[in-house]
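1. got a sequence here, can you build the structure:
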Amino acid sequence: MGNKIKLTFLGTAGAIPTAKRNHTAILLDYQGEHILIDCGEGTQRQFRKARINLCKTTKILLTHKHGDHVFGLPGLLSTLNLSEYNKTLYIYGPKGIKKFLGDFLDLANVERKFKVQIKEISGKFFETNDFYLEASSMTHGVPCNAYNFVIKDKLRIDKKKLSKSKIPSGPLISRLKQGKDISYKGKKYKSKNLTYVEKGKKISFVLDTGMNKKIVSFVKDSDLLICESSFGEDMKSFAKERFHLTAKQTGEIAKKSKSKRLILIHISQRYERDMKSILNQAKKEFKNVSIVDDLDEIEVK
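-> As a prediction, this is how the structure comes out:
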């Protein structure tokens, strides 16, 4: 695929940050879109460390209102204001997020000279000809969303086959790309014989949730599943009480959903010196799994 998706992991910690891990924040860059998923405390400093221009941000997707996912927002908006950000910033989140952010930002006395649109969403909530964003509610004690970023399948012209037909560029080619058959110089050409399907890409973000029936179907066939793995099996009961996942459960989700790759995130600080045990617990269920560090970058092609 010619168009790359770039992911920068600005924060990878669990509820309590560590010296090495900041609170949750992931930046997705794709064709002029700079989408921030969650905005934990210190996120704007992580932008600086990653040498990324904060003012390029176009959208913020908030999973829920817990502090480790939103406490960086007042500072980030203040900096955008001081930097003369001049776009409309779209902030999306689950039910109740509009009132919560209104109260939260007023309390923080955040001045906003630019437009901010806060929307409560579920299902498919943003779409272009090229990609779409969708949300599904999770189980976390408060309204909480997981998100999918999906690049659509595309019908591409087979240039070798097209060169033999000598069909000129223009409206006829456009019709073939739309899956329509054409006629040229008295001869009929079927779209299926001159085109092929370029499969899209799907990236799933499940950043806080307890185990529930929706997860597997929502993240099904993900090229990359980024999923919380707060605890090890030694704390399975505690994880259930707090509406979180264990690394083993996360591996099971990746396997059942037929995801291609899994990244573990939002791991409790109690495992900071023993990340390998968390990784191995997930690997017993799903082989293609890794743990990222703050400021790691990944390209999905």
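2. which residue lies farthest from the center of this structure?
-> When distances are taken from the C-alpha mean of the chain, Gly186 lies farthest, 48.5 Å away, according to CA atoms, centre = their mean.
3. for Val142, what are its contacts?
-> 64-66, 96 (CB atoms under 8 Å, 6 or more residues apart in numbering). Every C-beta, even on glycine, is put in place using the N, C-alpha and C of the backbone.
4. also Leu61?
-> 35-38, 92-93, 133, 135, 145, 147, 205.
5. ok, the contacts of Val142 vs Lys301, which is closest?
-> Distance to Lys301 across these (CB to CB) is lowest for His64, with 30.8 Å.
6. how many neighbours does that closest one have?
-> 24 (other CB atoms under 10 Å).
7. now do Asp234
-> 13.
8. three-state assignment of it?
-> helix (DSSP: H, G, I helix; E, B strand; the rest coil).
9. how about the contacts made by Ile118?
-> Contacts of Ile118 by CB under 8 Å, 6+ apart are 91-93, 97-98, 101-102.
10. one more pass at 7 Å, please.
-> The neighbours of Ile118, taking CB atoms under 7 Å, 6 or more residues apart in numbering as the test, are 91, 97-98, 101.
11. rewinding a little: quick one: which of the contacts of Leu61 sit in helices?
-> When the contacts of Leu61 are checked against helices (DSSP state H), there are no matches.
12. residues in contact with stretch 128-139: which ones?
-> 31, 94, 121-126, 143-152, 206, 209-210, 212, 214, 218, 243.
13. now with 6 Å, please.
-> Outside stretch 128-139, the residues that touch it by CB atoms under 6 Å, 6 or more residues apart in numbering are 121-122, 124-126, 144-151, 209-210, 212, 214, 218, 243.
14. quick check: end-to-end length of it?
-> End-to-end distance for stretch 128-139: 29 Å, by CA to CA, to the nearest Å.
15. likewise for stretch 213-227?
-> End-to-end for stretch 213-227, by CA to CA: 15 Å.
16. that stretch: which residues count as buried?
-> 215-216, 218-219, 222-227 (16 or more other CB atoms under 10 Å).
17. cool, stretch 58-78 as well?
-> Neighbour count says stretch 58-78 has 59-66, 68-78 buried, by 16+ other CB under 10 Å.
18. return the subset of those residues lying in helices.
-> Reading helices off the buried residues of stretch 58-78 with DSSP H, I get 68-70, 73-78.
19. where's Phe149, which helix or strand?
-> strand 145-151 (DSSP states H and E).
20. list the buried residues of stretch 198-217.
-> 201-212, 215-216.
21. which outside residues touch that stretch?
-> 24, 37, 63, 136, 138-140, 144, 146-154, 156, 219, 222-228, 243, 249, 253, 256-257, 266, 300.
22. now it, how far from the centre of its chain.
-> Relative to the chain's own centre, stretch 198-217 is displaced by 9 Å; criterion: CA atoms, centre = their mean, to the nearest Å.
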